[in-house]
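*Asks:* Sequence plus the predicted model coming up.
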Amino acid sequence: MRSLSWILLLFFLSVSWCWSSKTTLEENETQTAVQVGLKEYIAQYLKENLIGVENIQFESIWSERISEAQVRVHFHYSFIHRLNEQETKIDLKGNSLLSPTKNTGNIEEWGLEDIQIEQESLEYLQQLDVMKVTDEQ
């Protein structure tokens, strides 16, 4: 009887372990796909809508599930903007809210609901002349 209890205990532990690790793996795959999709969207948007954008670099990107139907993705990226021979490094931190739009078979599509920029900084890579002083006598 005692050995039967041990066998049942081991069986239930292994089944619950397999079930929980499978759910975690699927969740990680989903969040990774959402992160990659958002990175590609941001890079494409910048290239199409800002002239002179180059060297787009994501410093960090991570996500958290808000509910069954929403994922919040936090990001930090920078890029160089060249305009009129002036180079500026733009650094942005923010987050976005995404939710699934449709699920067909093994393809899941997510839609961007909201995007917020929390912190922005500009670094002028060349000196920027803002005022010229002339000595008029």
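*Replies:* Yep, it's here.
*Asks:* tell me which element V130 is part of?
*Replies:* Secondary structure from DSSP states H and E places V130 outside every helix and strand.
*Asks:* again with L10
*Replies:* helix 2-49.
*Asks:* per-residue confidence averaged over that helix?
*Replies:* Averaged over helix 2-49, pLDDT sits at 76.
*Asks:* same question, stretch 107-123
*Replies:* Per-residue scores along stretch 107-123 average to 86.
*Asks:* CA atoms of it as CSV?
*Replies:* C-alpha atoms of stretch 107-123 as CSV (Å, rounded to 0.1, in the frame of the first residue of the first chain):
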residue,chain,number,x,y,z
ILE,A,107,-0.8,31.8,-36.0
GLU,A,108,-1.8,34.4,-33.4
GLU,A,109,-2.0,38.0,-34.4
TRP,A,110,-1.6,40.9,-31.9
GLY,A,111,-2.8,44.5,-32.3
LEU,A,112,-1.2,47.6,-30.8
GLU,A,113,-3.7,49.3,-28.5
ASP,A,114,-1.6,52.0,-26.9
ILE,A,115,2.0,53.2,-26.9
GLN,A,116,3.5,55.6,-24.3
ILE,A,117,6.9,57.2,-24.3
GLU,A,118,8.0,57.7,-20.6
GLN,A,119,11.4,59.1,-21.1
GLU,A,120,13.1,60.8,-24.1
SER,A,121,16.6,62.3,-24.3
LEU,A,122,18.5,64.0,-27.1
GLU,A,123,22.2,64.0,-27.4
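*Asks:* buried sites along it?
*Replies:* By neighbour count on 16 or more other C-beta atoms under 10 Å, the buried set for stretch 107-123 is W110, I115. Using the backbone N, CA and C atoms, a C-beta is placed for each residue, glycine as well.
*Asks:* can you check stretch 30-37 too?
*Replies:* For stretch 30-37, burial by neighbour count (16+ other C-beta under 10 Å) applies to T30, Q31, V34, Q35.
*Asks:* residues contacting the closest residue to the second one other than its chain neighbours?
*Replies:* The one in question is Q31. Spatially, and ignoring its direct neighbours in sequence, Q31 is nearest to S63 (4.5 Å; C-beta to C-beta, 6 or more residues apart in numbering). Taking C-beta atoms under 8 Å, 6 or more residues apart in numbering as the criterion, S63 is in contact with Q31, V34, Q35, V71, R72, V73, H74.
*Asks:* Fine, thanks again, bye for now.
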